[in-house]
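1. this is a predicted model, with the sequence first.
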Amino acid sequence: MERERFSSRLGFILISAGCAIGLGNVWRFPYIVGQYGGAAFVLVYLFFLVIMGLPIMVMEFSVGRASQKSILCSFQVLEPKGAKWHWYGWFGLAGNYLLMMFYTTIAGWLILYFIKMLKGDFVGLDTAGVAAEFGAVTADPVIQTVFMALVVVLGMLVCSRGLKDGVEKINKAMMVCLLVLLVVLAVRAVTLPNIFNEMPGGRLWGALFFVFMSFAAMSTVTAVFENIISCWMDKWQVTRRKAVWANLVLIFLLSLPCLLGFNVLSGFQPFGPGSGVLDLEDFIVSQNLLPLGSLLYLLFCVGSERYAWGYENFLKEADQGRGVRFPAKLRPYFTYILPLIVLAIFVLGYREKFF
């Protein structure tokens, strides 16, 4: 089965950006900045982005490009004979599913809020009124299921058209719209629904805000759906059509516990009062699979060729084409220091959560 490729480097960059510029960076990041020191936090964030995020991202890209396979099969292509790195592929696939198990529900909220904003449901409401409106939404499993299903269907519809004609083309359009909306909304300094009530044309600006958030969510949804579909096509040699239909049903069913966690399953509180299914799923992905997955990619690329892909093989792949060369002389840092930084982040995440 011939593997699809991006039509251009720009297409790859925009899809990668679309996957990264999700709700965490658009909605959660400003809250975290305010909670942990404002500008000082941003400086620390950028510092770690350079010393940790960029090198590991290059390693992940290199593994994918060298193997020409999905996360489920890429390690198997590059690992030495007899090695077990490919076992992680299953955890990587599970991480994609777990992310979508709650992301589809949140994306559905945003589309619903766009409609509610156009209808004027927030007109005259203060912060408490907006919170009550959200509580009414989460208490209704039917309306949540409808909009979650809409997100799943829209995402799979995009993926059914293929990588170039579907995911790449749609994400390009959404990213351009995101940029325009971001500039417009930044000028208006829009933040919360009750603030829309304080400005002229508030319903319009509020609707634009939730269009922006919906595009941010759907860009991630389509990119992750494509990851999952490519895993199925690589591993089981099924057609795209079969992979799309199977995962449309599977992801719909897997997404139900998250939305039911706010009503039918509200008694399930894994981290104490106020927590729910969404918190557990987010914890597994954010505090476990992401840092540990990054560590495995790092060790796979800097380890000895006898046991892993190896640093020289990684450098050869990373330095292909035009552009800045990977800083090869920093191998001691990547081999001995960076793994400790990632482990420290993993441990600190548990400390903050439980102690």
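-> Everything's here; your move. All values derive from a computational prediction rather than experimental measurement.

2. longest helix in the chain, by residue count?
-> helix 202-236 (DSSP state H).

3. tell me which residues in that one are buried?
-> For helix 202-236, burial by neighbour count (16 or more other CB atoms under 10 Å) applies to 202-203, 205-235. Every residue, glycine included, has its C-beta placed from N, CA and C.

4. where does the stretch 1-150 of the chain dip in pLDDT?
-> When residues are selected by pLDDT under 70, those of the stretch 1-150 of the chain lie in 1, 26-27.

5. and the helices in it?
-> 9-20, 23, 29-35, 39-48, 54-67, 74-78, 88-119, 127-138, 141-160 (DSSP state H, counting those that start in this stretch).

6. so which of these is nearest Ser286?
-> With CB to CB, the closest approach to Ser286 among the helices of the stretch 1-150 of the chain belongs to helix 88-119: 9.1 Å.

7. pull out the buried residues from that closest one.
-> Buried residues in helix 88-119, defined by neighbour count with 16+ other CB under 10 Å: 88-89, 91-93, 95-114, 116-117.

8. that helix to helix 141-160, inter-axis angle?
-> Angle of helix 88-119 versus helix 141-160, following axes from the mean of the first three to the mean of the last three CA atoms, to 10 degrees, is 120 degrees.

9. any idea how far Gly34 lies from Leu46?
-> From Gly34 across to Leu46, the span is 17 Å (CB to CB, to the nearest Å).

10. swap in Ile106?
-> According to CB to CB, Ile106 and Leu46 sit 26 Å apart.

11. now Lys329
-> Distance, Lys329 to Leu46, by CB to CB: 23 Å.

12. now Gln68
-> Applying CB to CB, the value for Gln68 to Leu46 is 33 Å.

13. do Phe346 as well
-> 21 Å.

14. okay, these two: which has more neighbours?
-> Between Phe346 and Leu46, counted using other CB atoms under 10 Å, Phe346 has the larger neighbour count: 17 against 11.

15. what's the helix or strand for Pro291?
-> Pro291 belongs to helix 290-302 when elements are defined using DSSP states H and E.

16. for that helix, which outside residues touch it?
-> Residues outside helix 290-302 that contact it (CB atoms under 8 Å, 6 or more residues apart in numbering) are 55-56, 59-60, 62-63, 75, 78-79, 85, 88, 91-92, 95, 308-311, 314, 331, 334-335, 338-339, 342-343, 345-346, 349.

17. cool, stretch 212-221 as well?
-> Contacts for stretch 212-221 (CB under 8 Å, 6+ apart): 15, 18-19, 21-23, 25-27, 100, 103-104, 106-107, 110-111, 113-114, 151, 154-155, 171, 174-175, 177-178, 181-182, 185.
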